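Colleague: Got a predicted structure here, sequence first:
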Amino acid sequence: MASSEKDRLFSGSTNSTTRMTYGAEFELVASASQSTVNEPPPPATLKQRIRDSVWFPISFVFAFVFFITVVEHGVRVNVVLYTEKVLESTKDNSPVLIAAFDAIAPCLPLIGGWLGDSWFTRSKVTVTGAFVTFTGILLLTINVAPYSYEAEENFSMTAKRALFVVGFTLIFVGLALYDANDYVIAAREIEREREPNDNRIRNMFCVFYIVYFSAVTSSELLFRLVDATSFFFVYLLLAASVVLSITAMLLGQKIYTEEQRKRHVLWNQFRIIWEGVSRRKEAPDVPKWIDRASIHHGGTFSEEEVYETSHLLRTIPIFHTVTIFVIVNYFIDITYPQQTLLLNPALDDDITISEFVYKLYQPIISVVTNVVVLCVLYPCTSRWGRCVSPFIRIGIGILFGILSVIFAAIVETGRKQMMAGEDGIMVTMVNNVTYNASSLSVTSQIPQYTCAGIGEALVLTAGVEISYVEAPYNMKGFTVGLFLLMSGVGSYILAQLIIAVVNGISGAAGQEWYTDDLNEAKLEYFYCVLVAILILDILYVYLVTRKYERADWDGLRTKVRMNYTNDDDDDIDEDVDDGGEERGESETGDEHVTETVDDMSKR
């Protein structure tokens, strides 16, 4: 047999001759290898299952949120006490610091969210913010450190106040860097699976606020130690809490999902809006003004980019519904504790309820609300094939807010009616301050605090969920920061505007309704104004959500790819048609050439 024939015979890798000749040997080898492949893997250990779970990296985020919220809430709520005890400020000057914090702090997370979206790794921005906060806490701790008598004499009050201003400013800067990004880091881990599940994102935000309100409760308990110990001890605990938050974020930093960042994504949003407005003459027949920026209508941006900007603009009015609610919640946080001080704290001769109990009660109610929603409401609605949308949860939360303010108005009316009687006034002392209180029991406030805690839990959880889910992929941090900005601005700036308007009108009629002294104010009438504001808020929720379409980002990308594919097919068809005409001409030319060749051959 020739060598070429042998090569042909044995060159095929799996021909029938080879399989028949060496079939037994090959089958044995294949079955052995197959048995090795099909062998079931060993069962995963508990440690492996925990590490593979999507909740494992999120647990580090929750730990960060808990420890950093203890610090943030504690410093903000107790800044008046700090300035009075440490800096010897008067009560008239101390609220200015709270006003500055409430006015400036909500604007800052917008910056951190933008940095995490466009320029730096989100976890690094968050850790940097925590380090800056740690520096600020250390400066505040230096002010309250126990010094010797000589050192205390040399440490002037001016230096203490300067350290306080610098430390407080650094806490502002740290808040700007981490406040919007921790939400996004946790939600990104939920989305790391190939099939994102909105229900898991919804559940994650519910757990997030359980951690948040638990931290608020712990912060109130921590600062209760000031009376028993000292400011120095409490601020050392706050510094340790920041260290724990940094440690938690650093431990999870290596396993967080990496994001693709676009440097100029925010600038492109402004360009799209400007192009949509300015091109009305070039594209007058386009149904939606913002679509003029699309490539298909002569613009310079893709359909996906234009839709992202358009959807973000439609989502912003929903943030306003939370802004209106937070305005009322601002007055709840201020007036309810003041009302508590003017009620009878005694349950009987031996048991009294202090105002501190209600400081713990409302966040605990918020925690319980989110636990019930997570463990009862969500599973039941899923079993029934229903889904409670975040818009419905915002509406229900506002309803609970209305009930809370109505209960507060009823208590305020009853308190003043009892004080009008001979035996309705009693003198109470809280923190060495004397109050002319009513004999109405402080337990009458339980309904209003309960409804306030439920409403706050539902509205805030649903609001931040909307801000994340409805945000474009590359603008999650910025959009969450925008939500925090709008909800925070309502807590102070717009609240001051309402006070000015209401007092201006009521003062012209004879007496201002909202004053610092509740015994001289007409707080029950002011509560009626707040009820009217919340009713308008419910109507506003209905108006902005009845025609609102939820974003389908995956479907949008598929649609855009299909549109581009169809456009490419149309271009190919046109090229084919043009090519056919050219081929027709060339075929005629070929016939002429053939005839010429035949003539030459004949000659």
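Modeller: Yes, it's here.
Colleague: Contacts only, for the nearest residue to Gln253 once chain neighbours are set aside.
Modeller: Closest residue in space to Gln253, ignoring its immediate chain neighbours: Ser123 at 4.6 Å, by Cβ to Cβ, 6 or more residues apart in numbering. Using the backbone N, CA and C atoms, a C-beta is placed for each residue, glycine as well. Under the criterion of Cβ atoms under 8 Å, 6 or more residues apart in numbering, the contact list for Ser123 reads Asn181, Ile185, Met249, Gly252, Gln253, Tyr256.
Colleague: So which of those wins on neighbours?
Modeller: The residue in these with the most neighbours, by other Cβ atoms under 10 Å, is Asn181 (30 neighbours).
Colleague: Quick check, pLDDT for that one.
Modeller: Turning to Asn181, the model gives it a pLDDT of 87.
Colleague: Kindly report the same for Val357.
Modeller: pLDDT, read off for Val357, is 82.
Colleague: Also the one 10 residues further on?
Modeller: As summarised for this prediction, Val367 has a pLDDT of 92.
Colleague: For it, give me its contacts.
Modeller: Contacts for Val367 were tallied using Cβ under 8 Å, 6+ apart; they are Ile210, Phe213, Ser214, Thr217, Ala457.
Colleague: Any regions of the stretch 351-500 of the chain where pLDDT drops low?
Modeller: Applying pLDDT under 70 to the stretch 351-500 of the chain flags the ranges 422, 431, 490-491.
Colleague: which residues in it form helices?
Modeller: Counting by DSSP state H, counting those that start in this stretch, the stretch 351-500 of the chain has helices at residues 355-372, 378-383, 390-419, 446-469, 476-489, 493-509.
Colleague: mind checking the SS state of Thr315?
Modeller: helix (DSSP: H, G, I helix; E, B strand; the rest coil).
Colleague: That one: neighbour count?
Modeller: By other Cβ under 10 Å, the residues close to Thr315 number 22.
Colleague: Distance of it relative to Glu412?
Modeller: According to Cβ to Cβ, to the nearest Å, Thr315 stands 37 Å off from Glu412.
Colleague: re earlier: possible to save the helices of the stretch 351-500 of the chain as JSON lines with distance to Leu177?
Modeller: Listed next are those as JSON lines, based on distance: least, Cβ to Cβ, whole Å:
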{"stretch": "helix 355-372", "distance to Leu177": "25"}
{"stretch": "helix 378-383", "distance to Leu177": "32"}
{"stretch": "helix 390-419", "distance to Leu177": "27"}
{"stretch": "helix 446-469", "distance to Leu177": "18"}
{"stretch": "helix 476-489", "distance to Leu177": "11"}
{"stretch": "helix 493-509", "distance to Leu177": "23"}
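Colleague: quick one: which of those is nearest Pro146?
Modeller: Nearest to Pro146 among the helices of the stretch 351-500 of the chain is helix 355-372 (25.9 Å), distances taken as Cβ to Cβ.
Colleague: Go ahead and measure how far the closest one is from the middle of the chain.
Modeller: 20 Å (Cα atoms, centre = their mean, to the nearest Å).
Colleague: so Gly397 touches Ile324, yeah?
Modeller: No - in terms of Cβ atoms under 8 Å, Gly397 does not count as a neighbour of Ile324; the distance is 11.8 Å.
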